[in-house]
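>>> can't give you the sequence, but here's the structure:
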């Protein structure tokens, strides 16, 4: 990916166009929060290359857009941000 925006756009597109990805990360079950945390860590892992650009708009673009329903979102923005940061640290530790 050439830019952070390309990376996030690809994630948004995959979630919007792929029903399996949508169901996997946003299941209508008690697994929702766990999967939202996993998605945040995976996004953070990929965002490590663009860490200086931040991640502030991702919560609304990814979580709210894909999981806001009668149940509500399964993860709050602070917890989402913490898992983004954890994913970024995991990426830093895995690359020398």
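Structure received. The structure presented is a predicted model; accordingly, all values stated were derived computationally and were not measured. Numbering: from 1, shown residues only.

>>> use CA for all of it now, contacts and neighbours both
Fine.

>>> taking the centroid of this structure, which residue is nearest it?
A centroid search over the chain (Cα atoms, centre = their mean) returns residue 40, at 3.5 Å, as the residue closest to the centre.

>>> burial measure for residue 81, as a count.
20 (other Cα atoms under 10 Å).

>>> could you list every helix and strand in contact with the strand or helix carrying it?
Using DSSP states H and E, residue 81 sits within helix 77-94. If you count contacts as 3 or more Cα pairs under 8 Å, 6 or more residues apart in numbering; DSSP states H and E, helix 77-94 packs onto helix 32-47.

>>> now tell me what touches the helix it packs on from outside.
4, 24-27, 63, 74-75, 79-81, 83-91 (Cα atoms under 8 Å, 6 or more residues apart in numbering).

>>> buried subset of those?
4, 24-27, 63, 74-75, 80-81, 83-88, 90-91 (16 or more other Cα atoms under 10 Å).

>>> residue ranges in the protein under the pLDDT threshold?
For the chain, residues meeting the criterion pLDDT under 70 lie at 1, 51-55, 68-71, 95-96.

>>> redo that, cut-off 50
Along the chain, the model assigns pLDDT under 50 to no residue.

>>> which element follows the one helix or strand residue 16 maps to toward the C-terminus?
Assigned by DSSP H and E, residue 16 belongs to helix 4-17. Once helix 4-17 ends, the next helix or strand along the chain (criterion: DSSP H and E) is helix 19-25.

>>> ok, residues contacting that next one?
Contacts of helix 19-25 (Cα under 8 Å, 6+ apart): 14-16, 32, 35-36, 38-39, 66.
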